[in-house]
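Peer 1: Mind looking at a prediction? Sequence and model below.
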Amino acid sequence: MSERIVFLDRASLPVRFTRPSCAAEYREYSATAADQVVERLSGASIAIINKVALREATLARLPQLRLIAVAATGYDCVDVAYCRERGIAVSNVREYAVHTVPEHVFALIFALRRNLVGYRALIRSGAWQLSNQFCAFDGEIRDLHGSALGIIGRGSIGRAVARLGEALGMRVLFASGRERPAADLRYHSLDELLALADVVTLHCPLTPSTRGLIGMAELRRMKRDALLINTARGGLVDEAALAQALAEGWIGGAGFDVLTAEPPREGNVLLGLDLPNFILTPHVAWASIEAMESLADQLTANIDAWASGSPRNLVG
């Protein structure tokens, strides 16, 4: 036990967290503003973060820092290149969301394909109560069976989404990428996938090459009744273009769990969309109790493994 560990945004993980056994000193803060980071990490050898940004200007003022343990899979909040140059290890948490995110994806898909938001509004308006027959029709209901599911990103979550889609009788298409294709997957160019898929779902990281991946041109290529699902990162999609696409009927609907800036304190064009074919949830696809407990356990294991000289889940 020799490490001084500071968890900067503990409230982002609202489940039990086991203090790493290597901690000589452990301190946690519910949340940390950008101008508090250096003070709170002063003297710390290990920082635990979820979404607190650690860029070069900040890291340069923390000479004792040797490990950044990210309490998430995505690590775009860390300047990994600078950490590599200065010998600061960075670890992330992997595959904890392999059930919860795919389930959230299909919750959005089911709600949109079966027009649940529209039908709930119909009942609240009293229209069913005044109907001349046993049911009240207001908007299309579509089956998933026999439709095409286009997946952009073929990591563990993308593959888990594919398995659920196949179980429902969907035809699964993957977008080709720079990596060597796996022999067991069916690949299409992005343009082909967008034109063929009835549902397009994003499961790729946010990088310079994927930022703005889905913009006006891509939305125009999609089927007019297709759905776009994003539970990955908000920056993958041009949000203004999406708002226009939904308002003008270029696509059938969208289900989002992420926005470009979170929380959206300065507003966002998608926040004002009051449409039955658009559902926005507040970045909670990852947050089942089971998934968060798995994340917390893996986070502790990552730190203790690094401290013992057998690091795991290092990035960069």
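Peer 2: Arrived safely, thanks for sending.
Peer 1: any idea how far E290 is from the closest residue to H188 other than its chain neighbours?
Peer 2: Closest residue in space to H188, ignoring its immediate chain neighbours: L173 at 5.3 Å, by C-beta to C-beta, 6 or more residues apart in numbering. Any C-beta I mention is one placed from the backbone N, CA and C, and that applies to glycine too. L173 is 29 Å from E290, where distance means C-beta to C-beta, to the nearest Å.
Peer 1: Give me the more crowded residue out of these two.
Peer 2: Using other C-beta atoms under 10 Å as the criterion, L173 and E290 rank with L173 on top: 22 against 12.
Peer 1: Packing partners of the host helix or strand of the more buried one?
Peer 2: Secondary structure assignment for L173, by DSSP states H and E: strand 171-175. The helices and strands touching strand 171-175, judged by 3 or more C-beta pairs under 8 Å, 6 or more residues apart in numbering; DSSP states H and E, are strand 148-152, helix 156-167, strand 187-188, helix 190-196.
Peer 1: As a markdown table, these with mean pLDDT and mean neighbour count would be great.
Peer 2: Output for the helices and strands packed on strand 171-175, formatted as a markdown table (pLDDT from 0 to 100; neighbours: other C-beta atoms under 10 Å):
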| stretch | mean pLDDT | mean neighbour count |
| --- | --- | --- |
| strand 148-152 | 98 | 25 |
| helix 156-167 | 97 | 19 |
| strand 187-188 | 90 | 16 |
| helix 190-196 | 97 | 18 |
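Peer 1: could those be laid out in CSV, adding distance to L270?
Peer 2: What follows is the helices and strands packed on strand 171-175, written out as CSV (distance: least, C-beta to C-beta, whole Å):
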stretch, distance to L270
strand 148-152, 19
helix 156-167, 22
strand 187-188, 27
helix 190-196, 20
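Peer 1: closest one to V101 among the ones you listed?
Peer 2: With C-beta to C-beta as the criterion, V101 lies closest to helix 156-167 of the helices and strands packed on strand 171-175, at 5.1 Å.
Peer 1: Could you point out which of the helices and strands packed on strand 171-175 sits nearest I48?
Peer 2: Using C-beta to C-beta and comparing those, the one that lies nearest I48 is helix 156-167, at 22.8 Å.
Peer 1: Output the closest one as CSV, nothing but the C-alphas.
Peer 2: Output of helix 156-167 as CSV, limited to C-alpha atoms (Å, rounded to 0.1, in the frame of the first residue of the first chain):
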residue,chain,number,x,y,z
SER,A,156,-18.1,-6.4,-28.4
ILE,A,157,-21.1,-4.1,-28.2
GLY,A,158,-21.7,-4.1,-32.0
ARG,A,159,-21.5,-7.8,-32.1
ALA,A,160,-23.9,-8.2,-29.1
VAL,A,161,-26.3,-5.9,-30.9
ALA,A,162,-25.9,-8.2,-34.0
ARG,A,163,-26.8,-11.3,-32.0
LEU,A,164,-30.0,-9.7,-30.6
GLY,A,165,-30.9,-8.6,-34.1
GLU,A,166,-30.4,-12.1,-35.5
ALA,A,167,-32.5,-13.6,-32.7
